[in-house]
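Novice: With the sequence up front, the predicted model follows.
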Amino acid sequence: MRRRSDRLDTVIVLASLVLFVACLWPVAALSRQVYVTGLRAELSGLGHRQPVVAVVVDPAHGAGWWPRTVRWTTAQGGSRTGKVVLSPSTPAGSQTRIWVDGAGKPTAPPQTHVKTVTDTAVAAITVTGGVATVLLLCVAGARGLLNRHRDAEWERAWALADQRWRRPRQT
């Protein structure tokens, strides 16, 4: 016959599994939100940002990634200059691809799809790991309390057995 505390152990483990599965819905909702936000970031650059070919004007200044002056031609045919961070190995006079915004100023490239998928996976894994950690800590705490209860039961049972079957001392 199973003891009450053993049944409680089973109930705690099953309840934890049910809670973990129930927490997967918010994880999926969060992952979807991160993915949709990433897709918006990818697509927002297409209408407002454009890639252009620019020519590096000034030479590299030492080792390191420093802002360098580049010149490019706008879609309307005008010439523009601006500062862009380039590799020190990029020589003056070479062509490089840069991104410009609607005003024609250099800007960061739009987010890639790989970054969107990576951000989504990291969000899902982080939240799932956090939920699992909290549930495992709760299970460990509940099992610790049950073990204390079992130990107390064991001590009481031995005390009763000791009173019942102890032989009187012979003098």
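Specialist: Everything's here; your move.
Novice: Can you give me the neighbour number for Ser9?
Specialist: One correction, residue 9 is Asp, not Ser. Neighbour count for Asp9, taken as other C-beta atoms under 10 Å: 18. Where C-beta positions appear, they are placed from N, C-alpha and C, glycine not excepted.
Novice: and the gap between the nearest residue to it once chain neighbours are set aside and Glu153?
Specialist: Once flanking residues are discounted, Asp9 sits nearest to Leu146: 6.2 Å by C-beta to C-beta, 6 or more residues apart in numbering. Leu146 is 10 Å from Glu153, where distance means C-beta to C-beta, to the nearest Å.
Novice: More neighbours: which of those two?
Specialist: Using other C-beta under 10 Å, the more surrounded residue of Leu146 and Glu153 is Leu146, with 16 against 13.
Novice: re the thing from before, distance of the residue nearest to Asp9 from Trp158?
Specialist: For Leu146, the distance to Trp158 - C-beta to C-beta - is 19 Å.
Novice: next one: Trp99
Specialist: Noted for Trp99: a distance of 78 Å to Trp158, by C-beta to C-beta.
Novice: and Leu24, what does it touch?
Specialist: Taking C-beta atoms under 8 Å, 6 or more residues apart in numbering, we find Leu24 in contact with Thr128.
Novice: helix/strand/coil for it?
Specialist: helix (DSSP: H, G, I helix; E, B strand; the rest coil).
Novice: so how far is the lowest-mean-pLDDT helix or strand in the chain off the chain centroid?
Specialist: Every helix and strand in the chain was compared by mean pLDDT, DSSP states H and E; the lowest is helix 4-48, with a mean of 83. Offset of helix 4-48 from its chain centre (C-alpha atoms, centre = their mean, to the nearest Å): 12 Å.
Novice: what's the model's confidence in the next helix or strand after that helix, averaged?
Specialist: Counting by DSSP states H and E, the next helix or strand C-terminal to helix 4-48 is strand 50-56. Summarised as a single mean, pLDDT over strand 50-56 is 90.
Novice: Next, the buried residues of the following helix or strand past strand 50-56.
Specialist: As assigned by DSSP H and E, the chain's next helix or strand after strand 50-56 is strand 66-73. Going by neighbour count (16 or more other C-beta atoms under 10 Å), the buried part of strand 66-73 is 68, 70, 72.
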